[in-house]
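Colleague: Mind folding the following:
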Amino acid sequence: MAVQYGRRIRRHRVVELACGTVAATLFIILTNLSMVTEARAAQIASEAETRAAIERTLRGPDRLSLPVERVREILTIHYLDRNGRLFWIGTPLMQQLVDRVARAHADGLKQKDYAGNYLSELRDAADLSSPEHAAFAELMFSAFFLVYASDMKVGRFVPSKIDPELFLERRSVDGPALLKRLSDYKDLQRFFAEWEPQHPAYKALRSVLVRYREIEGAGGWPKIDPGEVLKPGMQDPRVLQIRKRLHASYDMRATTTATDVYDDNLTQAMRGFQKRHGLDPDGVIGKNTLIALNVSTSDRVRQIIANMERWRWMPEKMGADHIMVNIAGFELIRVRGGKVVRHMPVVVGKTYHRTPVFSDRIRYLEFNPTWTVPYSIATKEFLPKLKQDPEAYATRDFDLLQSGTSVSWYGIDWQQFSTRKFPYTIRQNPGPKNALGRVKFMFPNKHNVYLHDTPARSLFAKSYRALSHGCVRLAEPVKFAEEVLADLPGWSPERINNVLTSAETTKVSLKKPIPVHLVYATVWLAADGTVHFRPDIYGRDERLFRALFAKHTP
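Modeller: Here you go, the predicted model:
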């Protein structure tokens, strides 16, 4: 039995012992656990004896078991340099950590990543009357606690390693500070409740995960067979499948109706389903609606877990007053005093002009802005038109500049230029056709991304709005400007209207910059309690899935 247990430990890579006195002692501890279990002493080694054993272990020259070796410096600071608290030996925290790791799935984590079975066996088998055994158990539990707490707080992966277009600041956990914080707690559950990300969106997803795991455990929902487009009033055998599907996901109440007619009740439920999946809520079951219906429960669980990981990457403090743009949801959300006060439709970057994920601060607004055409757009979109018609932009409110000086559009041989050779800057003047509309909200950044108005108002009527060159276009920019400037003396709606009417470019700096966060959330819980899912328009879910679920085990 002892040999089999030792092999299990090695298979999980939680014990990689090197040669030496301490290593040999730990090896004896592990390979004789069955005998220890049968003759376990009733008493526990004194704290002084255990601390002395911990010091011999951490100060010794030998390489320790891998989990302890990885955090050896942190453990040395806590237990030796700071004479920190012994957490686990002879306290309820040992059982509480075993229980927490056993429920790792509730945090969107995997029990096997924290050797839950090993910790349980170590708890049951270690002879805590032996200082060496007690020291080993104390250090091993602290090592796995550090990993679990870090993964819960800042995520398992570095964002930029998953996707180079995620420009979030890399977060980390101060290990010694974490252990010092734990010293103030007698209840591990209370610690984790206060330690986990406090974003309302994260906490909501944690509850959503429970809900969808329950659906998954009950067998999930049926798959809808392919066929022609279904419209309200039609009769089709698949209608019975759709009823079961919507009932399983709580989009409609259970009913005894067995008709295969697509009736009004089912139409209403289908419109609700379409709305929470970002589809046109017309009740028509076409290709996109069928795709959404046939995403499995297990895939939805994975999607929820992936979005929980994303929230762990976010800054811990987003600001009591802040702006968040959900790229995948095509929506801007304004938060004031910690409460959501506005939702606004937005247009984001096309799949080949993807809007990046990052955080910054809006520092100023500009009314009646000019638009300096980015080099890539000038050479890839403007230049081909100029080669066909050399005067294409001469009378369209565009200025041509060379080295900062205005030059004439006429008499230029555009054929000699290319995407690699283009010595001009193209700038559009303020006006009703300006690509930035009447106002832009600036948070200067290396991505050249900002929020702005647009003359293309019809785009906001579409359900799919990944249609820009990377910037974020706002559905109600002037109203939003009034809200942003409401606390700035002298900037009433009347004054804003007068400035817009003047057509003069006017810059307004904010006394207090507003945090803005561009995020990519494909799952969230709405205020009405409905769970919203969105398609993975940029493939960012898929990249994260590959990291989180390499073996497809949620």
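Colleague: what's the spacing between residue 128 and residue 141?
Modeller: As judged by C-beta to C-beta, to the nearest Å, residue 128 and residue 141 stand 12 Å apart. (Glycine included, C-beta is placed from N, CA and C.)
Colleague: Please apply the same query to residue 419.
Modeller: Taking C-beta to C-beta, one finds residue 419 at 59 Å from residue 141.
Colleague: out of those two, which sits in the more crowded spot?
Modeller: A count of neighbours by other C-beta atoms under 10 Å puts residue 141 above the other of residue 419 and residue 141, at 22 against 12.
Colleague: where does the protein dip in pLDDT?
Modeller: Residues of the chain meeting the criterion pLDDT under 70: 1-42, 255-257, 551-554.
Colleague: Helix or strand: which one has residue 215?
Modeller: For residue 215, the host element (DSSP states H and E) is helix 200-217.
Colleague: Buried by neighbour count: which residues of the next helix or strand after that helix qualify?
Modeller: Sequence-wise, the next helix or strand downstream of helix 200-217 (DSSP H and E) is helix 238-248. Neighbour counts over helix 238-248 (16 or more other C-beta atoms under 10 Å) mark 238, 239, 241, 242, 243, 245, 246, 247, 248 as buried.
Colleague: Let's have the residues you listed in JSON lines, adding distance to residue 117.
Modeller: Shown next, in JSON lines, are those (distance: C-beta to C-beta, whole Å):
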{"residue": "238", "distance to residue 117": "45"}
{"residue": "239", "distance to residue 117": "47"}
{"residue": "241", "distance to residue 117": "40"}
{"residue": "242", "distance to residue 117": "42"}
{"residue": "243", "distance to residue 117": "42"}
{"residue": "245", "distance to residue 117": "37"}
{"residue": "246", "distance to residue 117": "39"}
{"residue": "247", "distance to residue 117": "38"}
{"residue": "248", "distance to residue 117": "33"}
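Colleague: Identify, from the residues you listed, the entry nearest to residue 271.
Modeller: Proximity of the buried residues of helix 238-248 to residue 271 (C-beta to C-beta) peaks at residue 246, which lies at 10.8 Å.
Colleague: Need the nearest residue in space to that closest one, chain neighbours excluded.
Modeller: In space, and not counting its chain neighbours, residue 246 is closest to residue 252: 4.5 Å by C-beta to C-beta, 6 or more residues apart in numbering.
Colleague: On the three-state scheme, residue 344 is what?
Modeller: Classification of residue 344 by DSSP: H, G, I helix; E, B strand; the rest coil places it in strand.
Colleague: quick one, phi/psi of residue 371?
Modeller: Per-residue torsions, residue 371: phi -120, psi 110 (degrees, to the nearest 10).
Colleague: Skipping adjacent residues, who's closest to residue 504 in space?
Modeller: Here the residue nearest residue 504, using C-beta to C-beta, 6+ apart, is residue 368, at 6.0 Å.
Colleague: ok so residue 334 is a helix residue?
Modeller: No: the assignment for residue 334 (three-state DSSP) gives strand, which keeps it out of a helix.
Colleague: Bridge partners for it, pull those for me.
Modeller: residue 323, residue 342 (DSSP bridges).
Colleague: do the same with residue 230
Modeller: residue 285.
Colleague: cool, and the one 5 residues further on?
Modeller: Using DSSP bridges, the beta-bridge partners of residue 235 come out as residue 261.
Colleague: Verify the contact between it and residue 261 for me.
Modeller: Yes: between residue 235 and residue 261 there is a contact under C-beta atoms under 8 Å: 5.0 Å.
Colleague: Tell me where the longest strand sits in this structure.
Modeller: Longest strand in the chain by number of residues (criterion: DSSP state E): strand 506-519.
Colleague: now the strands for the stretch 251-400 of the chain?
Modeller: With DSSP state E, counting those that start in this stretch as the definition, the stretch 251-400 of the chain shows strands at residue ranges 322-326, 331-336, 339-349, 358-367, 371-372, 398-402.
Colleague: show me the contacts for residue 111.
Modeller: Counting by C-beta atoms under 8 Å, 6 or more residues apart in numbering, residue 111 touches 101, 102, 104, 105, 117.
Colleague: The same query, at a cut-off of 10 Å, please.
Modeller: 100, 101, 102, 103, 104, 105, 117, 119 (C-beta atoms under 10 Å, 6 or more residues apart in numbering).
Colleague: and those, which are buried?
Modeller: Taking 16+ other C-beta under 10 Å as the criterion, what is buried in those is 100, 101, 104, 117, 119.
Colleague: Reformat those residues as CSV; add distance to residue 306 and secondary structure.
Modeller: Listed next are the buried ones among the contacts of residue 111 as CSV, based on distance: C-beta to C-beta, whole Å; DSSP: H, G, I helix; E, B strand; the rest coil:
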residue, distance to residue 306, secondary structure
100, 22, helix
101, 21, helix
104, 16, helix
117, 26, helix
119, 26, helix
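Colleague: And those, which two are furthest apart?
Modeller: Counting by C-beta to C-beta, the most remote pair of these is 100 and 117, 14.0 Å apart.
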